[in-house]
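# structure, please.
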Amino acid sequence: MKVSEKISTNHSPIVWWVSLVAGLGVTLMIVALGIGVGQSASGDNNSVGMLFAAGLVLFILGAVSWFAVVQPQKHFDDINKPAEDEHHGHASTETALTTTSEQHPEPVGHSH
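Predicted coordinates:
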């Protein structure tokens, strides 16, 4: 099956960059923890701690920057309002219900 539609997020490229910064921070923290587990008790714990701290700073910087750029608190879904139909070529719910009831009529003699 070939999909020809391109998914658009409608975000600026800055969102991608701040996500990379946050991801790099998480990666550095994971690497620091992996190195810390592999070291003996007499190893240099200061460098591992600094690597973890750098990762934590990058993660926080990326997360706060993402929050400032995207502002998810202003773009939340209201569960009381139906979503817009973004699937082109599909029938709406009302049409689907009407079509279903027309295709399968009630048997004669049965009433609700």
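# and for stretch 38-57, what's in contact with it?
Contact partners of stretch 38-57, identified using CB atoms under 8 Å, 6 or more residues apart in numbering, comprise 24-33, 35-36. Where you see a C-beta, it was placed from the backbone N, CA and C, and this is true even at glycine.
# only alpha carbons, please: show that stretch as CSV.
In CSV, the C-alpha atoms belonging to stretch 38-57 read as follows (Å, rounded to 0.1, in the frame of the first residue of the first chain):
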residue,chain,number,x,y,z
GLY,A,38,30.6,-0.1,34.7
GLN,A,39,33.2,1.7,36.9
SER,A,40,34.7,0.3,40.0
ALA,A,41,34.3,2.1,43.3
SER,A,42,37.8,3.6,42.9
GLY,A,43,36.9,5.2,39.5
ASP,A,44,36.6,8.9,38.8
ASN,A,45,33.1,9.6,39.9
ASN,A,46,33.5,13.3,39.4
SER,A,47,33.6,13.1,35.6
VAL,A,48,30.5,10.8,35.6
GLY,A,49,28.6,13.2,37.8
MET,A,50,29.6,16.1,35.5
LEU,A,51,28.5,14.2,32.4
PHE,A,52,25.1,13.4,34.1
ALA,A,53,24.7,17.1,35.2
ALA,A,54,25.5,18.3,31.7
GLY,A,55,22.8,15.9,30.3
LEU,A,56,20.3,17.1,32.9
VAL,A,57,21.0,20.8,32.0
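# how about that stretch: buried residues?
For stretch 38-57, burial by neighbour count (16 or more other CB atoms under 10 Å) applies to 48, 51-52, 55.
# just stretch 70-81 next, same as before
So for stretch 70-81, counting by 16+ other CB under 10 Å, buried means V70.
# and the end-to-end length of that stretch?
As for stretch 70-81, its first-to-last residue distance stands at 22 Å under the measure CA to CA, to the nearest Å.
# the bottom helix or strand of this protein by mean pLDDT?
When the helices and strands of the chain are compared on mean pLDDT, DSSP states H and E, helix 93-103 comes out lowest with a mean of 54.
# can I get the buried residues of stretch 38-57 in a markdown table with pLDDT, distance to A83 and secondary structure?
Shown next, in a markdown table, are the buried residues of stretch 38-57 (pLDDT from 0 to 100; distance: CB to CB, whole Å; DSSP: H, G, I helix; E, B strand; the rest coil):
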| residue | pLDDT | distance to A83 | secondary structure |
| --- | --- | --- | --- |
| V48 | 90 | 47 | helix |
| L51 | 93 | 44 | helix |
| F52 | 94 | 41 | helix |
| G55 | 97 | 37 | helix |
